[in-house]
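Enquirer: Starting from these lines, generate the structure:
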Amino acid sequence: MTRRALLLSGSIGSGHDVMAEALADELGARGWESRTLDCLPLMGERAGRLGAAVFKGLLAVPGVYDAFHFASLRPGNGLALRMDAAAQRRLLPRLVALIGEDPPDLVVGVFPTGASAAATLAREGRLPAVAVFCTDVTPHRLWVHDGVDVYLVTSPAAAAGVRRYQPNAQVLVTPAPVRAGFRSPPSRTAARAQLGVPISASCVLLMGGAWGMGPLLEIAVALAEQGVHVCAVAGHNNRLEKQLTAAAAGLSTLHPFGYTDLIPTLMSASDLVLTTSGDTCSEARAIGRDLLLFDVVPGHGRDNLQHELELGNAAVTATDPPIAVAAVRALLSTAAPRPAVDPTPGFGLIVDEMLAAIGLGQSDLPEVAGRPGGPASISPARRGRNDRWPGTRSGRRARGA
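Expert: Have a look, this model is predicted:
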């Protein structure tokens with residue numbers, strides 16, 4: 001019998017979906033069927049849109065979001081708990097109806113609202129096993145709940161952050177995973193040929209997350225005017241994409257993109273990646289590119305930025321365009337692509353450990369094709385399909401961050 005997993009994500013930015021996709025890949029390789037569900041629309045179209053808009057609005061005023069994150073979310077004060085309770089009142093009935101009488105073998109929260117909902121259902125005896133996967137260096141209070149069997153985090157600091165709220169929690173520290181495209185990217189030569197970037201030119205990849213945060217247009221134009229080839233990704237920021245496209249009409253060194261699945265190619269072509277702190281950093285490291293990071297993501301982004309600097313091969317710059325351009329020029333003088341490092345095998349071992357910890361490991365599966373737990377009888381077409389639970393999606397979206 002095929003094991004089934006439901007991954008609860010949230011469409012605020014792209015990072016949660018990216019982690020869901022990486023986990024779905026590993027589960028699929030082990031014969032599991034996995035599906036990813038977006039918690040925001042499940043709360044109702046209006047509530048989901050409002051929640052995303054409020055979060056985006058808070059991020060647009062860094063001091064406000066910093067105050068909310070560090071004073072409310074991190075300690076889990078009354079405001080944070082009331083917000084979570086309000087979300088659960090909308091989410092839980094729909095999630096119960098979706099799961100029905102045939103619950104999945106495992107539910108993984110890769111978004112705090114999903115983690116809270118899954119833990120509630122586990123406490124009520126409606127779910128057999130619940131895991132939480134958080135890549136923030138310091139998980140805030142709403143990531144941690146009674147009813148969660150095991151947590152996956154990407155640093156010892158994050159493990160300590162979980163145990164701040166749940167001292168006896170079972171926590172596994174894993175390498176940050178990357179999706180398949182970043183494990184087998186095109187060569188630098190092939191990528192540059194595809195993009196029309198001369199092999200001897202300096203080239204940078206400029207991104208600002210799925211929302212195109214930061215003064216990307218000004219930086220892109222300034223670098224392109226200095227002869228640096230700039231692959232500028234606007235993400236979901238349609239206005240920015242139009243501005244970049246217009247600017248590129250007079251600059252052959254500016255290559256504009258919207259929300260795209262070409263990020264592995266763009267990274268391979270580049271000498272340096274300018275981006276925000278987030279899962280893009282792990283992908284750039286996997287391909288072997290140095291990072292220059294913008295300090296534009298408040299709250300959890302502050303912690304994540306410091307962690308990326310600790311990991312090395314990364315620098316930070318201001319969002320003031322002249323300073324950022326100067327930082328790029330300085331780093332390009334020393335940047336050299338490094339060999340790719342695939343973190344997937346290490347992540348796969350942790351996935352095995354997670355499944356074993358909750359009694360769902362390979363040894364617990366029936367014998368398939370002559371060996372215990374083997375995935376040989378699961379066709380590739382079935383892995384990660386979304387055909388049994390309406391309203392779910394695979395999370396394998398093109399992305400700009």
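
Enquirer: use CA for all of it now, contacts and neighbours both
Expert: Will do.

Enquirer: Give me the pLDDT value at residue 361.
Expert: With respect to pLDDT, residue 361 scores 82.

Enquirer: Also residue 401?
Expert: You'll see residue 401 listed with a pLDDT of 40.

Enquirer: Tell me how far residue 89 lies from residue 290.
Expert: Distance of residue 89 to residue 290, given as C-alpha to C-alpha, to the nearest Å: 44 Å.

Enquirer: Looking at these two, which is more packed in?
Expert: residue 290 (24 against 12; other C-alpha atoms under 10 Å).

Enquirer: Dihedrals phi and psi, the more buried one?
Expert: Backbone torsions of residue 290, given as degrees, to the nearest 10, read phi -70, psi 160.

Enquirer: Specify the beta-bridge partners of it.
Expert: residue 272 (DSSP bridges).

Enquirer: who's in contact with it?
Expert: 271-273, 284, 313-314, 335-337 (C-alpha atoms under 8 Å, 6 or more residues apart in numbering).

Enquirer: Out of those, which comes closest to residue 147?
Expert: Using C-alpha to C-alpha, residue 284 comes nearest to residue 147 of those, at 34.8 Å.

Enquirer: Near the nearest residue to that closest one once chain neighbours are set aside, how many residues? Count them for me, please.
Expert: Nearest residue to residue 284, sequence neighbours excluded (C-alpha to C-alpha, 6 or more residues apart in numbering): residue 267, at 6.7 Å. By other C-alpha under 10 Å, the residues close to residue 267 number 27.

Enquirer: Repeat that for residue 227.
Expert: 15.

Enquirer: correct me, but it touches residue 253?
Expert: Yes. The criterion here is C-alpha atoms under 8 Å, and residue 227 meets it with residue 253 at 6.5 Å.

Enquirer: Specify the local secondary structure of residue 315.
Expert: Under the three-state scheme (DSSP: H, G, I helix; E, B strand; the rest coil), residue 315 adopts strand.

Enquirer: Relative to residue 97, how far out is the residue lying closest to it once chain neighbours are set aside?
Expert: Nearest non-adjacent residue to residue 315, counting by C-alpha to C-alpha, 6+ apart: residue 292, 4.8 Å away. Per C-alpha to C-alpha, residue 292 is found 45 Å from residue 97.

Enquirer: Looking at those two, which has the bigger crowd around it?
Expert: Using other C-alpha under 10 Å, the more surrounded residue of residue 292 and residue 97 is residue 292, with 24 against 9.

Enquirer: Check for me that the more buried one belongs to a strand.
Expert: Yes. With three-state DSSP as the criterion, residue 292 is assigned to a strand.

Enquirer: List the contacts of it.
Expert: If you count contacts by C-alpha under 8 Å, 6+ apart, residue 292 has them with 272-275, 314-317, 328.

Enquirer: Next: residue 72.
Expert: 78-80 are the contacts of residue 72 under C-alpha under 8 Å, 6+ apart.

Enquirer: do that again at 10 Å, thanks
Expert: Contacts for residue 72 (C-alpha atoms under 10 Å, 6 or more residues apart in numbering) come out as 65-66, 78-81, 140-141.

Enquirer: Just confirm residue 317 contacts residue 330, I think it does.
Expert: No. Assessed by C-alpha atoms under 10 Å, residue 317 is found out of contact with residue 330, at 11.4 Å.

Enquirer: Would you mind giving both backbone torsions of residue 8?
Expert: According to degrees, to the nearest 10, residue 8 has phi -100, psi 110.

Enquirer: With residue 45 as the reference, measure out to it.
Expert: Residue 8 is 17 Å from residue 45, where distance means C-alpha to C-alpha.

Enquirer: Those two: who's more crowded?
Expert: residue 8 (27 against 10).

Enquirer: Just list whatever residues bridge to the more buried one.
Expert: Assessed by DSSP bridges, residue 8 has beta-bridge partners residue 37, residue 109.

Enquirer: can you pull the pLDDT of the residue lying closest to residue 140 once chain neighbours are set aside?
Expert: Spatial nearest neighbour of residue 140, chain neighbours left out: residue 74 (4.3 Å); criterion: C-alpha to C-alpha, 6+ apart. Looking at residue 74, its pLDDT is 96.

Enquirer: pretty sure residue 74 contacts residue 68?
Expert: Yes. Between residue 74 and residue 68 a contact is recorded at 8.7 Å, counting by C-alpha under 10 Å.

Enquirer: Now do the shared contacts for the two.
Expert: Residues touching both residue 74 and residue 68 (C-alpha under 10 Å, 6+ apart): 80, 299.

Enquirer: For the residue nearest to residue 140, grab the count of nearby residues.
Expert: With other C-alpha under 10 Å as criterion, residue 74 counts 20.
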